[in-house]
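Undergrad: Need the 3D shape of this:
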Amino acid sequence: MLTDRQKLILQAIILAYTETGHAIGSKALADKLSMTISSATIRNEMAILEEKALIQKEHTSSGRIPSLAGYRYYVDNLKDIDMLVKKQDILTIRDSFNQNYTKVDEIIAQSTNMLSQLTSYTALAIKPETINTTLSGFRLVPLGSHQVMAILVTNNGDVESQQFAINKEVTSEQLEAVVRIVNDQLIGKSLDVVVKKLANEVPILINKYLSSSDAFLDTFDNVLNKFGTDQFFVGGRLNLLDFSSSDNPAAIKQLYELLNSKKDMHNMMNFNDQENDQTTISVKIGDEIANDLLKDYSLLTASYDVGDHGKGIIAILGPTRMPYSKTIGLLGAFRQELTSKLVNYYHFYDE
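TA: As a prediction, the model looks like this:
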(Lines give C-alpha, C1' and ligand atoms only; values in the text may rest on other atoms or scores of the structure.)
Protein backbone atom coordinates (compact mmCIF):
# COMPACT_ATOMS: atom_id res chain seq x y z
CA MET A 1 0.00 0.00 0.00
CA LEU A 2 1.20 3.51 -0.79
CA THR A 3 0.44 6.60 1.20
CA ASP A 4 -1.33 9.49 -0.52
CA ARG A 5 1.95 11.39 -0.64
CA GLN A 6 3.78 8.47 -2.23
CA LYS A 7 1.00 8.13 -4.81
CA LEU A 8 1.29 11.83 -5.60
CA ILE A 9 5.05 11.58 -6.04
CA LEU A 10 4.84 8.46 -8.21
CA GLN A 11 2.19 10.10 -10.38
CA ALA A 12 4.33 13.23 -10.74
CA ILE A 13 7.40 11.19 -11.73
CA ILE A 14 5.46 9.30 -14.38
CA LEU A 15 3.87 12.44 -15.82
CA ALA A 16 7.21 14.26 -15.89
CA TYR A 17 9.00 11.35 -17.56
CA THR A 18 6.19 10.97 -20.08
CA GLU A 19 6.50 14.64 -20.99
CA THR A 20 10.30 14.98 -21.15
CA GLY A 21 11.79 11.52 -21.43
CA HIS A 22 14.33 12.47 -18.77
CA ALA A 23 14.84 11.29 -15.20
CA ILE A 24 13.67 13.70 -12.54
CA GLY A 25 15.31 14.57 -9.23
CA SER A 26 13.82 15.64 -5.90
CA LYS A 27 14.34 19.39 -6.43
CA ALA A 28 12.69 19.45 -9.85
CA LEU A 29 9.92 17.23 -8.55
CA ALA A 30 9.19 19.60 -5.65
CA ASP A 31 8.34 22.35 -8.16
CA LYS A 32 5.83 20.11 -9.92
CA LEU A 33 3.86 18.88 -6.92
CA SER A 34 0.53 20.41 -5.99
CA MET A 35 1.48 20.50 -2.30
CA THR A 36 4.55 21.89 -0.56
CA ILE A 37 6.99 19.07 0.25
CA SER A 38 10.68 19.52 1.03
CA SER A 39 13.32 17.97 -1.21
CA ALA A 40 14.54 15.86 1.72
CA THR A 41 11.08 14.40 2.28
CA ILE A 42 10.70 13.73 -1.44
CA ARG A 43 14.06 11.90 -1.46
CA ASN A 44 12.90 9.71 1.42
CA GLU A 45 9.64 8.90 -0.31
CA MET A 46 11.46 8.20 -3.59
CA ALA A 47 13.71 5.77 -1.72
CA ILE A 48 10.61 3.90 -0.53
CA LEU A 49 9.15 3.85 -4.02
CA GLU A 50 12.45 2.49 -5.31
CA GLU A 51 12.44 -0.23 -2.66
CA LYS A 52 8.97 -1.19 -3.86
CA ALA A 53 10.40 -1.38 -7.42
CA LEU A 54 7.97 1.29 -8.68
CA ILE A 55 10.72 3.65 -9.79
CA GLN A 56 14.35 3.11 -10.68
CA LYS A 57 17.56 5.04 -11.02
CA GLU A 58 18.67 5.96 -14.48
CA HIS A 59 22.35 5.29 -14.93
CA THR A 60 23.01 8.63 -16.64
CA SER A 61 21.75 10.81 -13.80
CA SER A 62 20.80 10.88 -10.14
CA GLY A 63 17.12 11.24 -10.98
CA ARG A 64 14.49 8.52 -11.11
CA ILE A 65 12.30 7.10 -13.86
CA PRO A 66 9.25 4.81 -13.63
CA SER A 67 9.69 1.04 -13.75
CA LEU A 68 7.29 -1.24 -15.60
CA ALA A 69 5.75 -2.04 -12.21
CA GLY A 70 5.37 1.69 -11.62
CA TYR A 71 3.51 2.12 -14.88
CA ARG A 72 1.29 -0.82 -13.97
CA TYR A 73 0.46 0.69 -10.57
CA TYR A 74 -0.29 4.02 -12.23
CA VAL A 75 -2.61 2.47 -14.83
CA ASP A 76 -4.43 0.40 -12.21
CA ASN A 77 -4.73 3.07 -9.52
CA LEU A 78 -3.77 6.62 -10.47
CA LYS A 79 -4.81 7.44 -14.02
CA ASP A 80 -7.40 10.15 -14.64
CA ILE A 81 -9.07 9.61 -18.00
CA ASP A 82 -12.02 11.93 -18.54
CA MET A 83 -10.20 15.20 -17.82
CA LEU A 84 -7.59 14.49 -20.49
CA VAL A 85 -9.87 13.72 -23.46
CA LYS A 86 -10.08 16.95 -25.41
CA LYS A 87 -13.31 17.97 -27.06
CA GLN A 88 -11.33 18.83 -30.18
CA ASP A 89 -10.05 15.24 -30.37
CA ILE A 90 -13.61 13.92 -30.34
CA LEU A 91 -14.63 16.38 -33.06
CA THR A 92 -11.61 15.29 -35.13
CA ILE A 93 -12.62 11.64 -34.81
CA ARG A 94 -16.19 12.40 -35.84
CA ASP A 95 -15.04 14.45 -38.81
CA SER A 96 -12.77 11.59 -39.93
CA PHE A 97 -15.81 9.31 -40.19
CA ASN A 98 -17.92 11.92 -41.95
CA GLN A 99 -17.80 10.32 -45.40
CA ASN A 100 -19.55 7.61 -47.35
CA TYR A 101 -18.22 4.08 -47.17
CA THR A 102 -19.08 1.16 -49.45
CA LYS A 103 -17.74 -1.60 -47.20
CA VAL A 104 -16.71 -2.22 -43.62
CA ASP A 105 -13.05 -2.67 -44.58
CA GLU A 106 -12.89 1.00 -45.57
CA ILE A 107 -14.21 2.10 -42.18
CA ILE A 108 -11.74 -0.09 -40.26
CA ALA A 109 -8.80 0.99 -42.43
CA GLN A 110 -9.74 4.64 -41.90
CA SER A 111 -9.96 3.96 -38.16
CA THR A 112 -6.40 2.71 -37.88
CA ASN A 113 -5.04 5.57 -39.97
CA MET A 114 -6.87 8.22 -37.96
CA LEU A 115 -6.03 6.68 -34.58
CA SER A 116 -2.34 6.45 -35.50
CA GLN A 117 -2.37 10.11 -36.53
CA LEU A 118 -4.10 11.22 -33.33
CA THR A 119 -1.69 9.35 -31.06
CA SER A 120 1.50 9.19 -33.17
CA TYR A 121 1.57 5.49 -32.31
CA THR A 122 0.71 2.34 -34.25
CA ALA A 123 -3.00 1.49 -34.45
CA LEU A 124 -4.37 -2.02 -34.94
CA ALA A 125 -7.90 -3.22 -35.66
CA ILE A 126 -9.83 -6.42 -36.25
CA LYS A 127 -13.16 -6.12 -38.04
CA PRO A 128 -16.18 -7.44 -36.13
CA GLU A 129 -16.98 -10.48 -38.25
CA THR A 130 -13.64 -12.11 -37.43
CA ILE A 131 -14.16 -12.61 -33.70
CA ASN A 132 -17.50 -14.37 -34.19
CA THR A 133 -16.32 -16.38 -37.18
CA THR A 134 -16.57 -20.16 -36.79
CA LEU A 135 -15.54 -23.00 -39.04
CA SER A 136 -18.75 -24.40 -40.56
CA GLY A 137 -17.53 -26.71 -43.32
CA PHE A 138 -14.50 -28.73 -44.38
CA ARG A 139 -13.84 -31.03 -47.34
CA LEU A 140 -10.92 -32.82 -48.95
CA VAL A 141 -11.23 -33.24 -52.70
CA PRO A 142 -8.81 -35.65 -54.48
CA LEU A 143 -7.42 -34.09 -57.66
CA GLY A 144 -5.30 -36.94 -58.94
CA SER A 145 -1.50 -37.27 -59.12
CA HIS A 146 -1.41 -37.44 -55.33
CA GLN A 147 -2.83 -33.92 -55.03
CA VAL A 148 -5.68 -32.99 -52.70
CA MET A 149 -7.59 -29.74 -52.27
CA ALA A 150 -8.67 -28.69 -48.79
CA ILE A 151 -11.78 -26.48 -48.74
CA LEU A 152 -12.78 -24.53 -45.63
CA VAL A 153 -16.02 -22.60 -45.15
CA THR A 154 -16.90 -20.19 -42.34
CA ASN A 155 -20.30 -19.35 -40.90
CA ASN A 156 -20.27 -15.94 -42.60
CA GLY A 157 -19.90 -17.51 -46.04
CA ASP A 158 -16.17 -17.09 -46.65
CA VAL A 159 -14.61 -19.95 -48.59
CA GLU A 160 -10.90 -20.65 -48.83
CA SER A 161 -9.10 -23.53 -50.48
CA GLN A 162 -5.56 -24.74 -50.97
CA GLN A 163 -3.93 -27.64 -52.75
CA PHE A 164 -1.36 -29.95 -51.17
CA ALA A 165 0.43 -33.21 -51.94
CA ILE A 166 -0.08 -36.54 -50.16
CA ASN A 167 1.91 -39.76 -50.19
CA LYS A 168 0.79 -42.22 -52.86
CA GLU A 169 0.13 -44.81 -50.15
CA VAL A 170 -2.69 -42.73 -48.62
CA THR A 171 -6.09 -44.25 -49.39
CA SER A 172 -9.47 -42.59 -49.83
CA GLU A 173 -10.60 -44.26 -46.59
CA GLN A 174 -7.76 -42.55 -44.72
CA LEU A 175 -8.71 -39.18 -46.20
CA GLU A 176 -12.32 -39.74 -45.15
CA ALA A 177 -11.12 -40.51 -41.63
CA VAL A 178 -9.18 -37.23 -41.57
CA VAL A 179 -12.30 -35.34 -42.67
CA ARG A 180 -14.31 -36.98 -39.87
CA ILE A 181 -11.68 -35.97 -37.31
CA VAL A 182 -11.73 -32.37 -38.47
CA ASN A 183 -15.52 -32.26 -38.48
CA ASP A 184 -15.75 -33.80 -35.01
CA GLN A 185 -13.04 -31.62 -33.49
CA LEU A 186 -13.29 -28.28 -35.30
CA ILE A 187 -16.66 -27.64 -36.94
CA GLY A 188 -18.63 -25.01 -35.03
CA LYS A 189 -15.53 -23.77 -33.21
CA SER A 190 -14.26 -20.19 -33.43
CA LEU A 191 -11.14 -19.72 -35.53
CA ASP A 192 -8.90 -19.00 -32.54
CA VAL A 193 -10.04 -22.27 -30.92
CA VAL A 194 -9.44 -24.07 -34.22
CA VAL A 195 -5.86 -22.77 -34.28
CA LYS A 196 -5.23 -24.01 -30.72
CA LYS A 197 -6.66 -27.47 -31.43
CA LEU A 198 -4.57 -27.77 -34.58
CA ALA A 199 -1.49 -27.09 -32.51
CA ASN A 200 -2.26 -29.73 -29.87
CA GLU A 201 -5.02 -32.33 -30.19
CA VAL A 202 -5.73 -32.71 -33.91
CA PRO A 203 -2.21 -33.69 -35.12
CA ILE A 204 -2.15 -36.65 -32.72
CA LEU A 205 -5.46 -37.93 -34.11
CA ILE A 206 -4.55 -37.34 -37.75
CA ASN A 207 -1.18 -39.08 -37.47
CA LYS A 208 -3.05 -42.34 -36.93
CA TYR A 209 -4.13 -42.15 -40.57
CA LEU A 210 -1.37 -40.14 -42.27
CA SER A 211 2.29 -41.07 -41.91
CA SER A 212 3.07 -37.36 -41.96
CA SER A 213 0.44 -34.69 -41.37
CA ASP A 214 2.82 -31.75 -41.92
CA ALA A 215 1.57 -30.86 -45.41
CA PHE A 216 -2.06 -31.07 -44.32
CA LEU A 217 -1.50 -28.97 -41.19
CA ASP A 218 0.54 -26.40 -43.13
CA THR A 219 -2.31 -26.07 -45.59
CA PHE A 220 -4.83 -25.63 -42.80
CA ASP A 221 -2.57 -23.05 -41.17
CA ASN A 222 -2.14 -21.11 -44.42
CA VAL A 223 -5.88 -20.99 -45.06
CA LEU A 224 -6.73 -19.96 -41.49
CA ASN A 225 -4.02 -17.33 -41.60
CA LYS A 226 -5.65 -15.86 -44.70
CA PHE A 227 -9.04 -15.84 -42.97
CA GLY A 228 -7.60 -13.89 -40.05
CA THR A 229 -5.15 -11.51 -41.67
CA ASP A 230 -7.53 -10.38 -44.40
CA GLN A 231 -9.67 -8.97 -41.59
CA PHE A 232 -6.76 -7.29 -39.79
CA PHE A 233 -5.66 -3.69 -40.30
CA VAL A 234 -2.61 -1.68 -39.24
CA GLY A 235 -2.13 2.08 -39.34
CA GLY A 236 1.12 3.94 -38.69
CA ARG A 237 3.51 0.98 -38.81
CA LEU A 238 6.57 3.20 -38.92
CA ASN A 239 5.44 5.19 -35.87
CA LEU A 240 6.59 2.36 -33.63
CA LEU A 241 10.13 2.64 -34.95
CA ASP A 242 10.28 6.22 -33.68
CA PHE A 243 10.31 4.87 -30.13
CA SER A 244 12.81 2.05 -30.57
CA SER A 245 15.46 2.11 -27.85
CA SER A 246 17.88 0.15 -30.02
CA ASP A 247 20.29 1.51 -32.63
CA ASN A 248 21.13 -2.03 -33.70
CA PRO A 249 20.10 -2.38 -37.38
CA ALA A 250 19.34 -6.10 -36.90
CA ALA A 251 16.99 -5.39 -33.96
CA ILE A 252 15.24 -2.59 -35.86
CA LYS A 253 14.81 -4.91 -38.84
CA GLN A 254 13.22 -7.54 -36.59
CA LEU A 255 10.83 -4.95 -35.19
CA TYR A 256 9.91 -3.79 -38.68
CA GLU A 257 9.29 -7.39 -39.77
CA LEU A 258 7.06 -7.92 -36.73
CA LEU A 259 4.99 -4.88 -37.67
CA ASN A 260 4.50 -6.35 -41.14
CA SER A 261 3.57 -9.79 -39.85
CA LYS A 262 -0.19 -9.61 -39.63
CA LYS A 263 -0.34 -13.08 -38.13
CA ASP A 264 1.97 -12.23 -35.20
CA MET A 265 0.32 -8.89 -34.52
CA HIS A 266 -3.12 -10.49 -34.81
CA ASN A 267 -2.18 -13.14 -32.24
CA MET A 268 -1.03 -10.51 -29.74
CA MET A 269 -4.54 -9.07 -29.69
CA ASN A 270 -5.92 -12.12 -27.92
CA PHE A 271 -9.73 -12.21 -28.11
CA ASN A 272 -9.94 -13.98 -24.77
CA ASP A 273 -8.35 -10.97 -23.05
CA GLN A 274 -11.32 -8.82 -23.95
CA GLU A 275 -14.05 -8.65 -21.33
CA ASN A 276 -17.73 -8.30 -22.11
CA ASP A 277 -17.81 -4.91 -20.40
CA GLN A 278 -17.57 -2.45 -23.27
CA THR A 279 -16.07 0.21 -20.98
CA THR A 280 -12.98 -1.91 -20.28
CA ILE A 281 -9.67 -1.19 -21.96
CA SER A 282 -6.93 -3.79 -21.54
CA VAL A 283 -3.41 -2.46 -20.97
CA LYS A 284 -0.38 -4.73 -21.38
CA ILE A 285 2.93 -3.17 -20.41
CA GLY A 286 6.39 -4.37 -21.44
CA ASP A 287 6.90 -8.09 -20.89
CA GLU A 288 3.16 -8.54 -20.34
CA ILE A 289 2.90 -8.53 -24.16
CA ALA A 290 5.00 -11.74 -24.20
CA ASN A 291 7.23 -10.65 -27.06
CA ASP A 292 10.86 -9.69 -26.38
CA LEU A 293 10.87 -7.24 -29.28
CA LEU A 294 8.14 -5.24 -27.51
CA LYS A 295 9.56 -5.17 -23.98
CA ASP A 296 9.78 -1.37 -24.18
CA TYR A 297 6.23 -0.95 -25.51
CA SER A 298 2.65 -1.09 -24.30
CA LEU A 299 -0.44 -2.51 -25.99
CA LEU A 300 -3.86 -1.00 -25.29
CA THR A 301 -6.84 -2.94 -26.64
CA ALA A 302 -10.57 -2.28 -26.59
CA SER A 303 -13.37 -4.44 -27.96
CA TYR A 304 -16.35 -2.90 -29.70
CA ASP A 305 -19.78 -4.46 -30.20
CA VAL A 306 -22.04 -4.02 -33.23
CA GLY A 307 -24.82 -6.35 -32.14
CA ASP A 308 -25.70 -9.18 -34.50
CA HIS A 309 -22.69 -8.34 -36.65
CA GLY A 310 -20.29 -9.35 -33.89
CA LYS A 311 -17.43 -7.79 -31.99
CA GLY A 312 -14.15 -6.31 -33.13
CA ILE A 313 -11.01 -4.97 -31.52
CA ILE A 314 -9.25 -1.63 -31.84
CA ALA A 315 -5.81 -1.21 -30.30
CA ILE A 316 -2.84 1.11 -29.84
CA LEU A 317 0.78 -0.07 -29.72
CA GLY A 318 3.20 2.52 -28.38
CA PRO A 319 6.10 3.04 -25.98
CA THR A 320 5.83 2.30 -22.26
CA ARG A 321 6.57 6.01 -21.83
CA MET A 322 3.18 7.07 -23.13
CA PRO A 323 0.59 9.36 -21.51
CA TYR A 324 -1.67 6.52 -20.38
CA SER A 325 -4.56 8.64 -19.14
CA LYS A 326 -4.81 10.56 -22.37
CA THR A 327 -4.26 7.52 -24.59
CA ILE A 328 -6.76 5.32 -22.73
CA GLY A 329 -9.33 8.12 -22.81
CA LEU A 330 -8.72 8.70 -26.50
CA LEU A 331 -9.04 5.00 -27.30
CA GLY A 332 -12.31 4.84 -25.36
CA ALA A 333 -13.72 7.84 -27.21
CA PHE A 334 -12.56 6.42 -30.52
CA ARG A 335 -14.25 3.11 -29.78
CA GLN A 336 -17.57 4.88 -29.19
CA GLU A 337 -17.38 6.78 -32.47
CA LEU A 338 -16.27 3.70 -34.43
CA THR A 339 -19.11 1.64 -32.95
CA SER A 340 -21.63 4.36 -33.82
CA LYS A 341 -20.35 4.55 -37.40
CA LEU A 342 -20.49 0.78 -37.87
CA VAL A 343 -23.97 0.49 -36.35
CA ASN A 344 -25.23 3.17 -38.75
CA TYR A 345 -23.46 1.49 -41.66
CA TYR A 346 -24.97 -1.94 -40.94
CA HIS A 347 -28.40 -0.42 -40.34
CA PHE A 348 -28.28 1.27 -43.74
CA TYR A 349 -27.15 -1.81 -45.66
CA ASP A 350 -29.39 -4.22 -43.78
CA GLU A 351 -32.52 -2.34 -44.80
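Undergrad: Need the residue closest to the centroid of this protein.
TA: M269 (3.2 Å; C-alpha atoms, centre = their mean).
Undergrad: With T134 as the reference, measure out to that one.
TA: Distance of M269 to T134, computed by C-beta to C-beta, to the nearest Å: 19 Å. Any C-beta I mention is one placed from the backbone N, CA and C, and that applies to glycine too.
Undergrad: ditto for L15
TA: 45 Å.
Undergrad: And the helices in the protein?
TA: Remark: helices assigned in the chain by DSSP state H are 4-20, 26-32, 39-51, 68-73, 87-96, 104-119, 128-131, 172-186, 191-199, 201-206, 214-229, 249-259, 262-268, 324-350.
Undergrad: Identify the residues contacting the second one?
TA: Helix 26-32 has contacts (C-beta atoms under 8 Å, 6 or more residues apart in numbering) with 9, 12-13, 15-16, 24, 37-40, 42-43, 46, 63.
Undergrad: Next, the contact list for K189, please.
TA: K189 neighbours (C-beta under 8 Å, 6+ apart): 134-135, 197.
Undergrad: does Q185 really touch L205, like I thought?
TA: Yes. Q185 is within contact range of L205, at 7.1 Å (criterion: C-beta atoms under 8 Å).
Undergrad: Need the residues touching each of these two.
TA: With C-beta under 8 Å, 6+ apart applied, the contact sets of Q185 and L205 do not overlap.
Undergrad: looking at the contacts of K189, which has the most residues close by?
TA: L135 (23 neighbours; other C-beta atoms under 10 Å).
Undergrad: Cross-check the contact I'm expecting between that one and I151.
TA: No. Contact criterion C-beta under 8 Å: L135 and I151 do not qualify, at 11.4 Å.
Undergrad: And for the closest residue to G307 other than its chain neighbours, the neighbour number?
TA: Leaving out its chain neighbours, the residue that sits closest to G307 by C-beta to C-beta, 6 or more residues apart in numbering is V343, at 7.1 Å. For V343, the count of nearby residues is 15 (other C-beta under 10 Å).
Undergrad: how near is V343 to F233?
TA: V343 is 19 Å from F233, by C-beta to C-beta.
Undergrad: And for S340?
TA: Taking C-beta to C-beta, one finds S340 at 19 Å from F233.
Undergrad: Please identify which of the contacts of helix 26-32 is nearest to V159.
TA: Set against V159, the nearest of these by C-beta to C-beta is L15 (51.8 Å).
Undergrad: so who does the closest one touch?
TA: Contacts of L15 by C-beta under 8 Å, 6+ apart are 32, 323.
Undergrad: let's go with 10 Å and repeat that
TA: By C-beta atoms under 10 Å, 6 or more residues apart in numbering, the contact set of L15 is 24, 32, 66, 74, 78, 323-325.
Undergrad: ok, S340 and F233, which is more surrounded?
TA: F233 (22 against 14).
Undergrad: per-residue confidence at the more buried one?
TA: Per-residue pLDDT puts F233 at 89.
Undergrad: what pairs with it across the strands?
TA: With DSSP bridges applied, F233 shows beta-bridge pairing to A125.
Undergrad: For E160, see how far away it is.
TA: Taking C-beta to C-beta, one finds F233 at 19 Å from E160.
Undergrad: try L29
TA: 57 Å.
Undergrad: These two - which one has more neighbours?
TA: L29 (21 against 16).
Undergrad: S111 is in contact with L338, isn't it?
TA: Yes. With contacts counted by C-beta atoms under 10 Å, S111 reaches L338, the gap being 5.4 Å.
Undergrad: OK, contacts around K295?
TA: K295 neighbours (C-beta under 10 Å, 6+ apart): 68, 245, 285-289, 320.
Undergrad: Just the buried ones from the contacts of helix 26-32?
TA: Using 16 or more other C-beta atoms under 10 Å as the burial test, these include 9, 12-13, 15-16, 24, 37, 42, 46, 63 as buried.
Undergrad: In TSV: these, plus distance to S172 and pLDDT.
TA: Shown next, in TSV, are the buried ones among the contacts of helix 26-32 (distance: C-beta to C-beta, whole Å; pLDDT from 0 to 100):
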residue	distance to S172	pLDDT
I9	73	94
A12	72	93
I13	69	94
L15	68	91
A16	70	92
I24	72	92
I37	81	87
I42	78	92
M46	73	94
G63	73	86
